[in-house]
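Engineer: any chance you can model this:
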Amino acid sequence: MIQLTKRYRFCASHRLHSKFLSDVQNKETYGKCNNPHGHGHDYVIEITLSGRIDPATGRLARVECLDQLVEREVVARFDHRNLNEEIPEMAGVVPTTENLVLEIARRLRDSWHTAFQEPSPALQAIRIYETPRNIFGVIYL
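Structural biologist: Alright, predicted model coming up:
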């Protein structure tokens, strides 16, 4: 098995605020991230594939297929958007990076096998760097 990881970037804003908490509880829970006007992040997303090298091409996957998939399902969908107000899939949930990575994982999984030629590589991991010190991810075993 071999792994391939690619990085992508997108910018988005959000406000962390739960309808299940009081204003005081929201402020205590989310601090400055509960700013009524929201705040933004320059997110870095890493997508890791795994599988076997194709003996004919010497490659794990056609990288351009991954680029097109991530552009369509992630970057075009989330870049320069307000996660609270412009992303219907985030309605009803607090748009934490934990919830964001789960939504991105769902979007990629739903389109995965149509993006690659058979045999398609496995989606191994998705990581989002909210900041250099806050990293969230989904790992598939």
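Engineer: my guess is Leu100 contacts Met90, does it?
Structural biologist: Yes. When contacts are counted by CB atoms under 8 Å, Leu100 is listed as touching Met90 (7.5 Å). Where you see a C-beta, it was placed from the backbone N, CA and C, and this is true even at glycine.
Engineer: which parts of the biggest helix by length in the chain are buried?
Structural biologist: Ranked by number of residues, the top helix in the chain under DSSP state H is helix 97-115. Of all the residues in helix 97-115, those buried under the rule 16 or more other CB atoms under 10 Å are 97, 99-105, 107-108, 112, 115.
Engineer: mind listing the shared neighbours of Leu100 and Met90?
Structural biologist: Leu83 (CB atoms under 8 Å, 6 or more residues apart in numbering).
Engineer: give the contact list for Lys32.
Structural biologist: So Lys32 contacts His39 (CB under 8 Å, 6+ apart).
Engineer: just confirm it is within a helix.
Structural biologist: Yes. Lys32: assigned to a helix according to DSSP: H, G, I helix; E, B strand; the rest coil.
Engineer: do you know how far the residue nearest to Thr131 when sequence neighbours are not counted is from Val63?
Structural biologist: Leaving aside its sequence neighbours, Thr131 sits nearest to His41 (CB to CB, 6 or more residues apart in numbering; 7.1 Å). His41 sits 26 Å away from Val63, going by CB to CB, to the nearest Å.
Engineer: look at the two and report which has more neighbours.
Structural biologist: His41 (19 against 12; other CB atoms under 10 Å).
Engineer: which residues are contacting the longest helix of the chain?
Structural biologist: 41, 43, 45, 47, 65-66, 68-70, 72-74, 77-78, 83, 87, 89-90, 93, 120, 123, 126-128, 130, 134, 136-138.
Engineer: what's the span of stretch 81-100, first residue to last?
Structural biologist: Start-to-end span of stretch 81-100 (CA to CA, to the nearest Å) is 13 Å.
Engineer: and that stretch, how far out from the chain middle?
Structural biologist: Chain-centre distance of stretch 81-100: 11 Å, with CA atoms, centre = their mean, to the nearest Å.
Engineer: ok, and for that stretch, which residues are buried?
Structural biologist: 81, 83-84, 87, 89-90, 94-97, 99-100.
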